[in-house]
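# just to be clear, the model below is a prediction. Sequence and coordinates:
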Amino acid sequence: MGILNKLDNTVEHFESGNIIITSMDKLLNWSRLSSMWQMFFGLACCAIEMMATSASHYDLDRFGIIPRPSPRHVDIILISGTVTLKMATRIKRLWDQMPEPKYVISMGSCSNCGGPYWEHGYNVLKGVDRVIPVDVYVPGCPPRPEALLEGLIKLQEKIRNQSLAKHTA
Amino acid sequence: MAELRTEELTINMGPQHPSTHGVLRLVLTLNGEIVTNVKPVLGYLHRCFEKHAEAMTYPQVIPYTDRMDYLNSMSNELAYVLAVEKLLGIEIPERVEYIRVIMAELQRIASHLVAIGTYGNDAGAFTPFLYCFMDREKVLELFEMVCGARLLYNYIWVGGLSHDITPEFITKTKEFIKYFRPRIKQVNNLLSYNKIFIERTANIGMLPQDVAVNAGVSGPTLRGSGVKYDLRKEDPYSIYNKFDFDVCVGTGEYGTVGDCWNRYIVRAYEMEQSLRIIEQALDSIPEGDVHSAVPKRVKPVAGESYVRTESPKGELGYYIISDGSLNPYRVKARSTSFCNLSVINQISRGHMIADVVMILGSFDIVLGCIDR
Amino acid sequence: MENIFTQWFGDNLLTYILIPVPIIAYVSVFALYAVLAERKISAWMQNRIGPNRTDKFGLLQTILDAVKLMQKELILPSRRDNLYFRMAPYIVFTAAFMGYAVLPFSSVFIGVDLNLGLFYFFAITSIGVVGVLMAGWASNNKYSLFGGMRTVAQIVSYEIPTALSAIVVVMLAGTLSMQKFALIQSGGIFNWYIFGGPGSPIKIIIIPIMVVSAVLLFLSTLAETNRTPFDLTEADSELVAGVHIEYSGMMFAMFFFAEYAQMFAVSGIVTTLFLGGWQSPFGELIPFLNTPVFQVFWFLAKGLSLVFVQIWLRWTLPRVRIDQLMTMCWKFFIPIALVNLFLIGLYIIFA
Amino acid sequence: MEITEIYNKLKKVFGDGIGDLKTDLPAYPFFFADASKINAVSLFLRDEESLQFDNLSCLSGVDYDKDNLAVVYHIYSYALKHNIVVKCIVPKSAPVVQTVSDVWAAADWHEREAYDLIGINFEGHPDLRRILLSEDWEGHPLRKDYKVPEFYNGMKVPY
Amino acid sequence: MKAYFKHIYQAVSSIMIGMAITFKQMFHKSVTIQYPEQRLQLPERERNRLFVNMEDCIGCDQCAKACPVSCIDIETVKVVPGDVVGKTGVTSQGKKKALHVTNFTIDFAKCCYCQLCVFPCPTECIYMTDVFEFSTYKRSDLLYQFSDLTPETAAEKKKMLADFNVEQDKKKALAAEEAAKKSAEAKPAENKSETKKESDNTKES
C-alpha cells in the first residue's frame, strides 16, 4: 500500500537509467496514465462539455477515466469552468484532499486565466494556476470534447516521461 | 422513546457535490434522515455578468449572455436581443424571426434533455443520462452546422443572425425530428414511468400554486404545479403567436399536482411540443436576408426596456437601461433558476436527504444563471 | 463426496493450505474482471465502447487500475478512529472472501462442506456489515456515517427475506449442506429447485412459488451486496461516496474488490439453491457434460449469468430511497416470503 | 388595465406616496413611488380586486445617477394580464427602501441581491445578508464608483 | 389489497420494460468517435482557433476593437515613404498597406471564440479555423504571435519611422524657417508616432 511512499526513500540512491528502475517506471507510469480517475466535479459551461465528453459520443471510459465523487479516490481534477474567488479556497481544499500522485487539467479559457472575465471580473480568479499547479492547459471556450481528449493525451504524455529516479513521481 | 434525546445534524452539501448541478451549496439541518431546514448558499459562480455588460458595447454583451445560462444559450441571446431591439425600435425580417424560433425550440429540447438526463442521474440511473446526451449531441450537431460552435453560439445578433441557415440544416433538422420522437418514448419508458423513479419523485416536494406564483416560480416548475402559464402563449414575443402548440401542465397522472414527478414530466411533454413548433416553422419559413436589419452601430436612445421570454427553465427577463451611449448603462438579468430555487427551503422541509436531491433536480437549475 | 485435494493429498495440513489457493485465485481474477465486465457491459448498454486504450479489449485496464491504486498515497484523516479506520477494509474484504469457503464449485471441489453450510454463509456475509459500520464511524465524516448507518439497517433487514426464501429450499431438501443442495438437484434442468426440485409431477403446482422465492432470494442478496438499485451505502448523488469517502489507495481498492467478490458469492448461493449448482442442465442425457471439470463450468456459467443480471439491473434502474428500501423489505419481501414458506409447508405435508 | 388607469387609482389612494408617471421614454412607461411607502403600495397592488398583481417578475437595484440609487419593480398580474413598472429613488447617503418580501416572496432573494451588489438597505427584510459575494466582501460592485480590490483573502484579484 | 398487488405488478412490469430497453441497446452499434484515430468531419463554419493571414492584414485594429475580451493586441508602425510592407505592399485584394504590424498577438487563454472579430475585418484576413488541438503545458504558450516581423525587424521599422519623423521635423523646421512668409502646411498626422497599444496590461503576469 502506497508503494511509492516507501520506494521514495530507497530509490533516491539510484541514478536514472538503472534497468530495474526504468522498467518499473514504465509499468507504474503506464498504470497511472491509463487509469486516471477523474473528480466528478463541474464548475460552469465547460462542465457541460466535460459531461458530453464522458457521454457516449466521446466516452472518457475508453481512456480508463471514470468519475469518482470523492477527492480521496481520484487522480486528476478537471477544473472545468470559471473559478470565482469564493470557490477558489474550496478548490484548493479539494486539491489538498486528493492523494498523490495527482494531476490538474485546466479546461477552458476561464480556468486558464479568467477567460472572458479577466478584465472586469471582480469576483473571478484570473487563472486557477494561482491556487493549484496546473499540468495541462486546454484552450477553448468551451473546448470541444476532442480538445479535452487531446489535453488528456498530452497529460498522458507528460506522465509517461515521469520517472521514479528523477523524483518527480 | 420520549426521553431519547436527539441532536440536529448540520450537513454541508456542496459546493463540490455530485448532485448540486454545479457549485451550489446547501446547508442541510437534519433530524436523522429528515431534513428540517435547507439553507442555500449561492455565489460560487458569480462571474460578474452585470458588471461586464456595463463595460461592453451592446453586441459584445451577447457572448456573455451565452455564458450566463450555458445550457440554453440561444434563449438567453434571444431574450437579450429582443430587449435591445425593443430599445432600438427596429423591424426584424420575417425569416430571422423564424430561424430564431427554430433555434430557441431546438435549444429547449437540448436543455430539457440535460434536465431529464441529470435528473435520472440524481435518482441513480446513469443510462438514461447517457441516452439523453446522445440525443443532445444531435441537436448540437445542428447548431454547430449553422454557427460553428457547440455550446456558446453568439448566433442571434441585434437585428439579425450571424449566419443564415442552409438547406442542409433544414433536411437534417427534419431527420432529427423523425429520429427523436421515438427516443422521447424510449426515455419515458426507461425512466419516467419506472416504478422506482415514480416512487422516488411522486408526492415529493409539493409546490402549491399560490406559493409558486407568489415566489415568482416560472417555467416547467410552475406548470408542474398546474398553472397553465406560458409566456409564448400569454404574452407572445417574436412570432410565437403564429404557431399551434399546447401548454403542458402537470396533471397528477402519478402523485399529486406540483410534485417532483409532475415538474419533471412537463419537460418530457414540452419536448414534443417543441418538435411541433419546429416542424411548423420549417414548413413555412420565408426567404429573406438575415443581415438586412443588422444596424451598423447599436446605439439606442436613452430609455429602458424589460423583455421576458419563456426560456426552457422559465421566465427569463432582461432589464436594460440605456443612457444613449454605446454601452448599456445597466443590464439586469431576471434569471429563472434564481427565482425557482428560492422556494427550496419551503418545500423540502420534512423530506429526506435523498428527496432534497430530487427536489433540487426537479427545478433544473443552472448555476451560471443563478449566480450570473 | 470427497474433496479432490483430500483424495490427492490425504487429510493433512497441506491439503488445507492448498484448498483455498484456487478459490482465492479465482476470486481475485473474478473481482478484477468483474470490474472490467461491469464497465464493458455498461458501455454496450449505453452505446459506448468502454476501456480500449490499454489494449484492444481493455483486458489490462483493471490490472492497471490496481497497480495505480497501489501507488496512491494513503490518506488518513487526522480525526479518525485509528484502529477501526484501519481495520474496516480488512474486515469487509475478508468477510466477502470467506463466503466462498462453502460454495460448491464442483462435485469434487468445495472449500469445506459444512453441515451448516448455508447457515455459515449467511452468518459470515453479515460480518461485512460490521466492517462497513466501522468504516462509516471511524472516518469522522457525516456522509460516511450516514452510509454506515444505512447499511446496517439495510443488511440487517434484508437478512430476513434472504433466510426465509432460502428456507423454502431447505425445507424441500432437508439439509443445510451446500454440496447436498447441488447433489439433490441432479437429473437435468427440471429437477432444479426453481422448477420445484426432484419429485413427482405434482411438483408443478409449486413452480410459481419457487420462482418467486428465487427472485426474492436474488433481490434480497442483491440488497446485501449494496448494489444499485440498493446502493444506499454509496449513493453517489446523495452521500457522495458513502462509507468509502475517506479511503484512498489500496484501502479503497479493498472495499471495491470486496463488493465485486460478494457479487459472485451471492450469485453462487442463488445458483446452488435454485439453479442446480454445478449440475448440468442436460442431466444424465449427456453424461460427458456432468464430469467434475464441466461441473465447474456450469457453476461458473450460472453464477456469472446472475452477475450479468446484477450488472444489467444496475445500469437500468434508479436507486430507491432508504425508507422505500425498508418498506420493500418489511411490507413486500417478508410477507411474500412468509406466504411462500407457508405454502411450501402445506405442499410438503400433503404431497 | 392600462398603466395610466392604475396610476390614477394609486394616486387617489396614496397621494404623495406616488410620484410622477413617465410615458415619454422608450420602451415602457413607469412611475415613481416613495421608498418609505412601497410596502403599503405593493400590498395594495396585490390585494386590490381590480389590480391583482400577484407576480413580481423582477426587482432590480440600479445605480441611478450621481447621488441616487433606485429600485425598479416589474410587476405582473397572472390573473388579469397587465403589468406596471414602479421605481423608488433613494439617495446614496441613506439608501433605505421598505421591503416587499412579505408581499411577494420572490422579492426576498432579489432584495438580498440588490443589497449585495448595489448596497440598498431593505427595511424590514427578514434576512438581509450578502447573497452572491462572500460575507466578508467589501463594497458594492455594481456601483459605478466601485474600485476592484487588489487582494481578497490573499488572492490577487486583478489580472 | 388490490393496491398492494397493483404496486407489485407496476414495479415488475416497468422494470421489465426498462431492462428490455437496455438489453436491446446492447446490440446497437456504438456511437463513440474514437478520437485520436477517428475524427469527425467538422462543419465548414467551425469556430475554433483564430488565424490571421498577415499577408492581408492592414493593421486597422478593427478586430481588437470588436473583441469583447480584449485578447487581441495589435501594434503598428507607420510605413515611411520608400519602404514596402511585406513583399508587395498590397493585400491580395489590392488594398494598399500603410502600416507595419510589428505586434499582432492573440491570447488564446482569454479568447472566447465568439467570432465577433471576424466580421468587421475589411480584408477578411482574420478567420476561425477548425484547429482545436493546441493544449499546452505552459500558459504562456497560448499567447500566439501572428506578426511576420521578427523583433529585430520590428525595432528596425520603428527606428526607421523615428528617423523619418526626426527628418520630417528637421525638414519642417527648415521649411518653417525658410518659408516663414509662406504658410507651409504641416502634416500633423505624420508628426505623431502611430504606435498604438490596445491595452497595457495584457502581458502575462
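Arrived safely, thanks for sending.
# please make it C-alpha for all contacts and neighbour counts, starting now.
Will do.
# what about the residue positioned nearest the centre of chain C, distance to B:Val41?
Centroid check for chain C by CA atoms, centre = their mean gives C:Val266 as the closest residue, at 2.0 Å. Distance, C:Val266 to B:Val41, by CA to CA, to the nearest Å: 44 Å.
# quick one on the thing from earlier: so is the helix or strand hosting the residue nearest to the centre of chain C next to chain A?
Secondary structure assignment for C:Val266, by DSSP states H and E: helix C:249-274. Yes - interface with chain A: helix C:249-274 contributes C:Gly249, C:Met250, C:Met251, C:Phe252 (CA under 8 Å from any CA of the partner chain).
# out of the residues you listed, which end up buried?
Burial by neighbour count, 16 or more other CA atoms under 10 Å in any protein chain shown: within these this picks out C:Gly249, C:Met250, C:Met251, C:Phe252.
# those residues into CSV, with extra columns for pLDDT?
Formatted as CSV, those follow (pLDDT from 0 to 100):
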residue, pLDDT
C:Gly249, 81
C:Met250, 83
C:Met251, 85
C:Phe252, 86
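# show me which of those residues is closest to chain B.
Ranked by distance to chain B (CA to the nearest CA), those are led by C:Phe252 at 19.0 Å.
# quick one: the closest one from chain E, how far?
30 Å (CA to the nearest CA, to the nearest Å).
# do the same with B:Phe126
For B:Phe126, the distance to chain E - CA to the nearest CA - is 11 Å.
# one more: C:Ala223?
Separation of C:Ala223 from chain E (CA to the nearest CA): 16 Å.
# residues contacting that residue?
C:Gln154, C:Ile155, C:Tyr158, C:Pro229, C:Phe230, C:Asp231 (CA atoms under 8 Å, 6 or more residues apart in numbering or on different chains).
# give me the mean pLDDT for stretch B:332-342.
Computed over stretch B:332-342, the mean pLDDT rounds to 86.
# likewise for stretch A:101-115?
86.
# what about that stretch, start to end distance?
End-to-end for stretch A:101-115, by CA to CA: 28 Å.
# do that stretch and chain E come into contact?
Yes - against chain E, stretch A:101-115 shows contacts by CA under 8 Å from any CA at A:Gly108, A:Ser109, A:Cys110, A:Asn112, A:Cys113, A:Gly114, A:Gly115.
# secondary structure class for the third one?
Okay, so that is A:Cys110. Going by DSSP: H, G, I helix; E, B strand; the rest coil, the secondary structure assigned to A:Cys110 is helix.
# contact residues of chain A facing chain C?
A:1-5, A:28, A:30-32, A:34-35, A:56-57, A:59, A:61-64, A:68-70, A:72-73, A:99-101.
# that should have said the stretch 51-200 of chain B, apologies.
B:120-127, B:130-131, B:190-191, B:196-197, B:199-200.
# ok, 6 Å please
B:Asp122, B:Ala123, B:Gly124, B:Ala125, B:Thr127 (CA under 6 Å from any CA of the partner chain).
# could you report the neighbour count for the nearest residue to D:Pro149 once chain neighbours are set aside?
Excluding the flanking residues, the one nearest D:Pro149 by CA to CA, 6 or more residues apart in numbering or on different chains is D:Val157, at 6.7 Å. Per other CA atoms under 10 Å in any protein chain shown, the neighbour tally for D:Val157 reads 20.
# for D:Val157, give me phi and psi.
phi -90, psi -50 (degrees, to the nearest 10).
# tell me the pLDDT of B:Thr171.
At B:Thr171, pLDDT is 90.
# which helix or strand contains it?
helix B:167-187.
# also E:Ala173?
helix E:151-178.
# distance between that helix and the chain's centre?
Computed by CA atoms, centre = their mean, to the nearest Å, the chain-centroid distance of helix E:151-178 equals 31 Å.
# and stretch D:26-37, by the same measure?
That offset, for stretch D:26-37, works out to 10 Å (CA atoms, centre = their mean).
# same check, this time on stretch A:114-133
So, by CA atoms, centre = their mean, the centroid of stretch A:114-133 is 18 Å from its chain's centroid.
# that stretch spans what distance, first to last residue?
Using CA to CA, the two ends of stretch A:114-133 sit 15 Å apart.
# for that stretch, buried residues please.
Buried, per 16+ other CA under 10 Å, within stretch A:114-133: A:114-130, A:132.
# ok, back up a step: closest to chain E out of the residues of the stretch 51-200 of chain B next to chain C?
For those, with chain E as the reference and CA to the nearest CA as the criterion, the closest is B:Thr127, at 8.1 Å.
# burial count for the closest one?
With other CA under 10 Å as criterion, B:Thr127 counts 28.
# check contacts around it.
C:Trp315 (CA atoms under 6 Å, 6 or more residues apart in numbering or on different chains).
# so which bits of chain A are right by chain D?
So chain A meets chain D at A:Tyr122, A:Lys126 (CA under 6 Å from any CA).
# which one of the residues in chain A is closest to chain C?
For chain A, CA to the nearest CA, closest residue to chain C: A:Arg62, 3.8 Å.
# D:Ser60 should be in a strand, yeah?
Yes - under three-state DSSP, D:Ser60 sits within a strand.
# which residue packs closest to it, ignoring adjacent ones?
Here the residue nearest D:Ser60, using CA to CA, 6+ apart, is D:Val72, at 5.1 Å.
# these two touch, right, E:Val69 and A:Tyr117?
No - with contacts counted by CA atoms under 6 Å, E:Val69 stays clear of A:Tyr117, the gap being 7.4 Å.
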